[in-house]
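In: Model the structure of this input:
(2 chains)
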2 protein chains.
Amino acid sequence: MPLTLDVTNCLSPHLDGRGIDPQRLRGPLAEGFARAHAQVAARREAGDMGFFDLPQDREGVRRIQEVADSFGQWFESLVVLGIGGSSLGTLTLRDALLGPHWNLGDEERREYYPRLFVLDNADPVSLTDLMGRLDLPKALFVVVSKSGSTAETMAQYLVVEEALAAAVGEEKARGHLLFITDPESGVLRAISREKSIPALPVPSNVGGRFSVLSAVGLLPAAVVGINVVELLEGAAEMVQRCSTPELTRNPAGLFATLLHALHIEQGMPIHVMMPYADRLRSFSFWFQQLWAESLGKAVDLEGNVVNTGPTPLPALGATDQHSQVQLFMEGPRDKVVCFVSVAGDGVDPVAIPHRHPEHPSLSYLGGHSLAGLLDAERRATAEALRRRGRPSLEIGLSGLNARNLGGLLMFMQLATVYAGALYGVDPLDQPGVELGKELTYGLLGRKGFDAPALGGGDPDWRL
Amino acid sequence: MPLTLDVTNCLSPHLDGRGIDPQRLRGPLAEGFARAHAQVAARREAGDMGFFDLPQDREGVRRIQEVADSFGQWFESLVVLGIGGSSLGTLTLRDALLGPHWNLGDEERREYYPRLFVLDNADPVSLTDLMGRLDLPKALFVVVSKSGSTAETMAQYLVVEEALAAAVGEEKARGHLLFITDPESGVLRAISREKSIPALPVPSNVGGRFSVLSAVGLLPAAVVGINVVELLEGAAEMVQRCSTPELTRNPAGLFATLLHALHIEQGMPIHVMMPYADRLRSFSFWFQQLWAESLGKAVDLEGNVVNTGPTPLPALGATDQHSQVQLFMEGPRDKVVCFVSVAGDGVDPVAIPHRHPEHPSLSYLGGHSLAGLLDAERRATAEALRRRGRPSLEIGLSGLNARNLGGLLMFMQLATVYAGALYGVDPLDQPGVELGKELTYGLLGRKGFDAPALGGGDPDWRL
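Out: From the prediction side, this is the model:
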């Protein structure tokens, strides 16, 4: 099985009575999930949840691959300008499938695919630093904003377009730009039409944090040689596997149900996502946006003020055993840990050599592999939590390849919309960020937005 | 002032009655802090808190600089093998002061200082990947483990030593190794003596998460040309500035007092650390370890079971406005956000050009700078939180240089030990990770450790 979900360590027989009674997973929690499943199915049916259908969009993928093939070969560097849902998926795909140091490799090591950078902040130092390292005549910039109005991304676009114009001329600058945006509306779509800059669509029923398997994630991935067809096949299989309303046969449903129940019934609002693989670190940040922005809501579907939502907390094993795990073991009982393990995937295990036999406190490591050490650390950490009555669950991947990653990403998207139904909120909106955007526009003097009066700033309380 | 702390947005007059009554900061909270301050002073006096004195260790710094100067010039790459407190400080110094892409630069851009890599996990893919990119005859490996028994680091050391021996011979391999470890005990110290491998000390009263200003952080920093004397000067100034028991004049004390009070009195256990600068992203992870591992404890100083401690949550502005901020704005009222802003520091502001005047929804950005945009975003986010009655505070740096960074790091270490006293726990230990270590040793068959029976793993609950 490419992905397994083991929830034993969430269940009361294994946690000294804490955790969820497994009988309830066959009773009321199963009924609750069946209702959630029906709600999701209805919204999918109504056309709100386009992410379900992305794996089936063969024509879209053909077009993405075509653009990638025609562009990719001309450039040494691909730079994505995007933020949030426009960058986290690309980082996840790059780091999981190309490894941690892709951009350090020379052409041969990269098999002549380009470097892939992501500028996901309006930080002038990062932008200046990267622009100074690029050979602009050999750089392609992909501007990703569904609305075409994301201030950070659009500001970067203006700076980059000016720099390109200075380097290669206004006319040629267009050949270094590619947009990914709404199929019809927004300023990027308009400029694309006016200047004949190629633009790929984000389907209008696919929100930013659910867009990794649209052109947003797939185009950059295809340009650097990732097999996007396998990604989508893995995702399609997961849609299939998680289509049943039967809780005990639906892994994404079980994941959502347990995390929701442990939060609401047992006071555990902090959901730790802890892969044991450096390559999945970016995945944990992608999950953080998905889970936080989808479920953290002020009002429920009936309009009642609920101020609900779990707090996703990325962690990395074994590294965070030396940082956050002390808190997970001994602090408040407010956390559930989701481990992600990766079985061997063709990478040669690194044998730890037998050295320094005169030091048994060191030489005991000899003969093991680094992968075996990492696995032992994860199992030991799960067991130590369990013995303290602290719940965890484990997602096991049979390997880290495009197909399995596609499955994992779809798994989390499905779990998120199921969780939305369980929390009783709309997982597709994000009304809480509007006020901040309006205040920013006001501060920048954008027409139609008043300069806001900012509170705070009492000099007595500024040390 | 190199560092300012503005806490206005934690105070009830500015939060519609929520937050802390400022009168209490001049009354009972001031008294509570004075007691905490006295406890910290007593433990410092007793010699438990060596981190206070690191900025004064002129002889130690001279030795570090000497080693750095003699080694640094010979190597093209410096690789730190370390985890947790042995790596987070180095990453913080590198990323804050050398920028996000140091390792991508060629020699000239690096002014002939080496690249600096940190292997902070037992991940075989990361290790193999990096080793394949290094020119081993030109690589220096710094093995950092205070105890000399950290399994992940020691396993990496064995693999690396074997690879060096294969590349340059056993005899010459020693010249590519440097240890940072306990001054007297442990296997790294023993090997250092036996094989004449140079080893710098971590003072025995300086724990891993308080070690950034010891050789642990300073040696790698000095090798890549960071001015460690200025780092320490900034830290020394902060010790001085935060030495008063008067709460309203002690910024580190005020920071600790407010975060503690908002947690314990107002149910806000999640402390968000959100710098608005990519270069401080690693700092937020360094802070996470410091705050989580110091304060997340099962028992208080009297031995009562308390299971207390806040959960630090790293975030990055403006990036996380498109990820976590929806949850911060609308989710449960369980968070306090600590913004970190960086004023201009000699980097030319990046002007956003006037382009596309035909699109006012884009051209309004023209004439601003990226730094100005980032600053407006931070102020808007703080104000949007404030209008919702959600507290935040702001640490303002006058620039991001070695001196200010030294001050910021010391500020957080001081705040942490003050917070330890306020929470009533020992901020210097980490007993909760012992069980996991023992179970790992058992799984690996280390002599003296029994093979553990692991619970869980019920096949009925493995989907």
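
In: Ramachandran coordinates for A:A351?
Out: phi -70, psi 140 (degrees, to the nearest 10).

In: Just the helices from the stretch 201-350 of chain A, written as ranges.
Out: When assigned using DSSP state H, counting those that start in this stretch, the helices of the stretch 201-350 of chain A occupy the ranges A:215-223, A:228-241, A:251-264, A:281-295, A:325-330.

In: Ok, the stretch 51-200 of chain A next?
Out: A:58-72, A:88-98, A:124-133, A:151-168, A:170-173, A:187-195.

In: I'd like the distance from the shortest one to the chain centre, please.
Out: The chain centroid and the centroid of helix A:170-173 are separated by 34 Å, computed with Cα atoms, centre = their mean, to the nearest Å.

In: repeat for the third one
Out: The chain centroid and the centroid of helix A:124-133 are separated by 25 Å under Cα atoms, centre = their mean.

In: now the longest one
Out: On the basis of Cα atoms, centre = their mean, helix A:151-168 sits 26 Å off its chain's mean C-alpha point.

In: circling back: between the helices of the stretch 201-350 of chain A, which one is nearest to chain B?
Out: helix A:325-330 (2.9 Å; Cβ to the nearest Cβ). In this view, the C-beta of every residue, glycine as well, is placed from N, C-alpha and C.

In: Quick one: residues in contact with that closest one.
Out: A:272, A:315, A:335, A:337, A:381, A:384-385, A:388, A:390, B:292-293, B:295-298, B:307, B:309, B:311, B:430-433, B:435-436 (Cβ atoms under 8 Å, 6 or more residues apart in numbering or on different chains).

In: Kindly report the same for stretch A:222-231.
Out: By Cβ under 8 Å, 6+ apart, stretch A:222-231 touches A:61, A:64-65, A:67-69, A:71-72, A:75, A:78, A:93-94, A:97-98, A:102, A:110-111, A:113-114, A:116, A:140, A:213, A:218, A:221, A:401-403, A:405-406, A:409.

In: at 6 Å instead, please
Out: A:64-65, A:68, A:72, A:78, A:97, A:113, A:116, A:218, A:221, A:402-403, A:406 (Cβ atoms under 6 Å, 6 or more residues apart in numbering or on different chains).

In: got it, and stretch A:119-130?
Out: Contact with stretch A:119-130 is made by A:81, A:83, A:87, A:117, A:152, A:155-156, B:99-101, B:278, B:318-319, B:347, B:350, B:370-371, B:373-374, as judged by Cβ under 6 Å, 6+ apart.

In: As JSON lines, the contacts of stretch A:222-231 with neighbour count, distance to chain B and pLDDT would be great.
Out: Converted to JSON lines, those look like this (neighbours: other Cβ atoms under 10 Å in any protein chain shown; distance: Cβ to the nearest Cβ, whole Å; pLDDT from 0 to 100):
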{"residue": "A:I64", "neighbour count": "23", "distance to chain B": "23", "pLDDT": "97"}
{"residue": "A:Q65", "neighbour count": "18", "distance to chain B": "27", "pLDDT": "96"}
{"residue": "A:A68", "neighbour count": "24", "distance to chain B": "24", "pLDDT": "95"}
{"residue": "A:G72", "neighbour count": "20", "distance to chain B": "20", "pLDDT": "75"}
{"residue": "A:L78", "neighbour count": "25", "distance to chain B": "15", "pLDDT": "97"}
{"residue": "A:L97", "neighbour count": "20", "distance to chain B": "11", "pLDDT": "97"}
{"residue": "A:Y113", "neighbour count": "20", "distance to chain B": "16", "pLDDT": "94"}
{"residue": "A:L116", "neighbour count": "25", "distance to chain B": "13", "pLDDT": "97"}
{"residue": "A:L218", "neighbour count": "29", "distance to chain B": "20", "pLDDT": "98"}
{"residue": "A:A221", "neighbour count": "27", "distance to chain B": "19", "pLDDT": "98"}
{"residue": "A:A402", "neighbour count": "20", "distance to chain B": "16", "pLDDT": "98"}
{"residue": "A:R403", "neighbour count": "19", "distance to chain B": "18", "pLDDT": "98"}
{"residue": "A:G406", "neighbour count": "27", "distance to chain B": "18", "pLDDT": "98"}
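
In: Going by distance to A:A190, which of these wins?
Out: Nearest to A:A190 among these, counting by Cβ to Cβ, is A:I64 at 22.0 Å.

In: So that closest one sits against A:A215, correct?
Out: Yes: here A:I64 reaches A:A215: they are 5.4 Å apart, a contact under Cβ atoms under 6 Å.

In: Show me the residue of the stretch 1-150 of chain A that gets nearest to chain B, please.
Out: A:G84 (2.5 Å).

In: What's the local residue count around that residue?
Out: 29 (other Cβ atoms under 10 Å in any protein chain shown).

In: Please look at it and B:H322 and confirm they touch.
Out: Yes: with contact defined as Cβ under 6 Å, A:G84 and B:H322 form a contacting pair (2.5 Å).

In: In contact with A:S294, which residues?
Out: Counted by Cβ under 6 Å, 6+ apart, A:S294 has contacts A:416, A:420, A:427.

In: Now tabulate the contacts of stretch A:222-231 in TSV and tack on distance to A:D460.
Out: Putting the contacts of stretch A:222-231 into TSV (distance: Cβ to Cβ, whole Å) gives the following:
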residue	distance to A:D460
A:I64	57
A:Q65	61
A:A68	58
A:G72	58
A:L78	51
A:L97	53
A:Y113	57
A:L116	49
A:L218	54
A:A221	53
A:A402	57
A:R403	60
A:G406	55
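
In: how about A:A165, what does it touch?
Out: Contacts of A:A165 by Cβ under 6 Å, 6+ apart are A:A173.

In: correction: A:V305
Out: By Cβ under 6 Å, 6+ apart, the neighbours of A:V305 are A:V299.

In: That one and A:V425: what is the separation?
Out: According to Cβ to Cβ, to the nearest Å, A:V305 and A:V425 sit 12 Å apart.

In: low-scoring stretches of the stretch 351-463 of chain A, by residue?
Out: Nowhere does the stretch 351-463 of chain A drop to pLDDT under 70.

In: Quick one: name the residues of it near chain B.
Out: A:352-353, A:355, A:359, A:361-362, A:364-365, A:368, A:370-371, A:373-374, A:376-377, A:380-381, A:383-384, A:386, A:430, A:432-433, A:435-436, A:439-440, A:443-444, A:446, A:454-458, A:461-463 (Cβ under 6 Å from any Cβ of the partner chain).

In: what's the neighbour count on A:R26?
Out: 12.

In: re earlier: quick one: which of the contacts of A:S294 is nearest chain B?
Out: A:P427 (11.2 Å).

In: what angle do the host helix or strand of A:G420 and helix A:215-223 make?
Out: Following DSSP states H and E, one finds A:G420 within helix A:402-423. For helix A:402-423 against helix A:215-223, the angle by axes from the mean of the first three to the mean of the last three Cα atoms, to 10 degrees is 170 degrees.

In: from the middle of its chain, how far away would helix A:402-423 be?
Out: 11 Å.

In: residues near A:E171, how many?
Out: For A:E171, the count of nearby residues is 9 (other Cβ under 10 Å).
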